[in-house]
Structure formats: C-alpha cells, structure tokens
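Student: I'll drop the sequence and a predicted model, then ask my questions.
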Amino acid sequence: MKRNLEHIDYKEDTITLAKFAKALGHPTRIAILKHLENQSCCFTGDLVSVFPLAQSTISQHLKELKNVGLIQGELEPPKIKYCINQTNWKTAKSLFQHFFN
C-alpha cells in the first residue's frame, strides 16, 4: 500500500536538505559546483569549454542549481554570469554535515 507523504509535517530544514540533495542528484551538477567553488564567477560558455556537453545541457543543469538557490546568475547582456550563492552554499554544507553526523 502506497502512503501519501504530502500530509507529513516535515521540518523546514528537512525539506531544504531534500531539495539540495535532489539538485545534487546528477554528477554534472556536482562537477559544476566544484568548478564554480574554485572560481569567483563564470559564464555558461566557460562551462561549455570545461565540460564536453552541449550548451543547452549545461544551461539545464545551471537552471536546476539556480532553482534551489545553490548558484545565482547575474545578467550581463548577452550573457549570464553564474557563481555560488554563498549563503545557501553554507546552509547546504551545514545541513548535510548535520545529517551525516
């Protein structure tokens, strides 16, 4: 019998951790974050030159990371500059550390 988990009152931290974990559920996204962690910021085109993937694929991964707040994008027409969202990055690290301890 399948249970409906939508009616469980999870703590906000649990929900946030799950969102971060889902966004990190693809190796390319983890690699992008590792790359961005060592850069102040970079453009989508920079990532295309680092990873052997189409620009549209890189853009989709960036969108997922941005949607959960792990990265932020700043419009610099005609490009978007991406960098780690330091506040949410610290939150993610703390939540994962607490979870694994």
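Tutor: Yep, it's here.

Student: remind me which residues of the protein are low pLDDT?
Tutor: Along the chain, the model assigns pLDDT under 70 to residues 1-8.

Student: Show me where it has its helices.
Tutor: Along the chain, counting by DSSP state H, helices occupy 12-23, 27-37, 44-50, 55-67, 86-100.

Student: who touches the spatially closest residue to residue 43 that is not a sequence neighbour in this structure?
Tutor: Leaving aside its chain neighbours, residue 43 sits nearest to residue 79 (4.8 Å; criterion: CB to CB, 6 or more residues apart in numbering). (Each C-beta comes from the backbone N, C-alpha and C, glycine too.) Counting by CB atoms under 8 Å, 6 or more residues apart in numbering, residue 79 touches 43-45.

Student: could those residues be laid out in TSV, adding neighbour count?
Tutor: Putting the contacts of residue 79 into TSV (neighbours: other CB atoms under 10 Å) gives the following:
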residue	neighbour count
43	14
44	16
45	12
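
Student: can you put the residues you listed in TSV and add distance to residue 94?
Tutor: Formatted as TSV, the contacts of residue 79 follow (distance: CB to CB, whole Å):
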residue	distance to residue 94
43	29
44	29
45	32
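
Student: What is the nearest of those residues to residue 86?
Tutor: Set against residue 86, the nearest of the contacts of residue 79 by CB to CB is residue 43 (18.8 Å).

Student: sorry, back to before: I'd like the helices of the chain as CSV, with distance to residue 75 appended.
Tutor: Formatted as CSV, these follow (distance: least, CB to CB, whole Å):
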stretch, distance to residue 75
helix 12-23, 22
helix 27-37, 17
helix 44-50, 12
helix 55-67, 12
helix 86-100, 19
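
Student: Compare the ones you listed and give me the one nearest residue 74.
Tutor: Within these, the stretch nearest residue 74 is helix 55-67; the backing value is 11.0 Å (CB to CB).

Student: And that closest one, what's buried?
Tutor: 58, 61-62, 64-66 (16 or more other CB atoms under 10 Å).
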